[in-house]
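Need the 3D shape of this:
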Amino acid sequence: MKIRQGFVSNSSSSSFCLYGIEIEECEIKEALIEKGYATEEDLSEGLYEWLDEWSFEYDLKQKGLPKEEIAKRLANRPLAGFEYECMDGEYHWMGISWKNIGDKETGAEFKEKIEKV
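Okay, the predicted model is just below:
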C-alpha cells in the first residue's frame, strides 16, 4: 500500500492545458478594436465576458437585437472557441483548449489552425 503525503489538487482551476500565447489583455483588446471585431463598448464588461459565448449572446439580447442578427454575430465571432485565462492577475494566456482538438486532427494541424487565427 502506498501513502501519499503532501498536497494534491485535482481542481480544474489550478491547471489547464491550452495551446496559444502569453499576451496582455490590453493587447488583445487593441487588436480586436483595430481589426473591427469589437468596439470599446463591446469590451467594457471585460474580455472574458466578450469571449464567453453565453455572455456574448446574453449581451446581444440585452441590447435588443433580433434573433437573426444575434445568430449572425455568434457565427461570425472571430475568436469563437478561444479561451482567455488570467492567473494571479499577472499571466495572461489566450488560446484553445486541447479538449477542442478534432477527432481526426493532428497536433500540428491543431496548432496551425490556432496560429493562423
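
use CA for all of it now, contacts and neighbours both
OK.

Surely residue 61 is within a helix?
Yes. The assignment for residue 61 is a helix, going by DSSP: H, G, I helix; E, B strand; the rest coil.

Now do the contacts for the nearest residue to it once chain neighbours are set aside.
Leaving aside its sequence neighbours, residue 61 sits nearest to residue 70 (C-alpha to C-alpha, 6 or more residues apart in numbering; 7.4 Å). Each residue near residue 70 by C-alpha atoms under 8 Å, 6 or more residues apart in numbering is listed here: 57, 60-61.

Residue 50: neighbouring residues, count only.
If you count neighbours by other C-alpha atoms under 10 Å, residue 50 ends up with 19.

Please report how far residue 49 lies from residue 112.
Look at residue 49 and residue 112: by C-alpha to C-alpha, to the nearest Å, they are 26 Å apart.

Show me the shaky parts of the chain.
1-16, 89 (pLDDT under 70).

Dig out what the spatially most central residue of it forms beta bridges with.
Residue closest to the average C-alpha location in the chain (C-alpha atoms, centre = their mean): residue 83, at 2.0 Å. Beta bridges link residue 83 to residue 95, judged by DSSP bridges.

Put the alpha carbons of stretch 21-30 into CSV.
Written as CSV, here are the backbone C-alpha positions of stretch 21-30 (Å, rounded to 0.1, in the frame of the first residue of the first chain):
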residue,chain,number,x,y,z
ILE,A,21,0.2,32.7,-26.5
GLU,A,22,1.0,34.7,-23.4
ILE,A,23,-0.4,38.2,-24.0
GLU,A,24,-1.6,41.2,-22.1
GLU,A,25,-5.3,41.8,-22.0
CYS,A,26,-4.9,45.4,-23.4
GLU,A,27,-3.1,44.0,-26.4
ILE,A,28,-5.9,41.6,-27.2
LYS,A,29,-8.5,44.4,-26.8
GLU,A,30,-6.5,46.8,-29.0
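
now that stretch, how far from the centre of its chain.
Centroid separation for stretch 21-30 versus its chain: 12 Å, with C-alpha atoms, centre = their mean, to the nearest Å.

again, but for stretch 101-117
16 Å.

what's that stretch in contact with?
Contact with stretch 101-117 is made by 19-20, 78-79, 95-96, as judged by C-alpha under 8 Å, 6+ apart.
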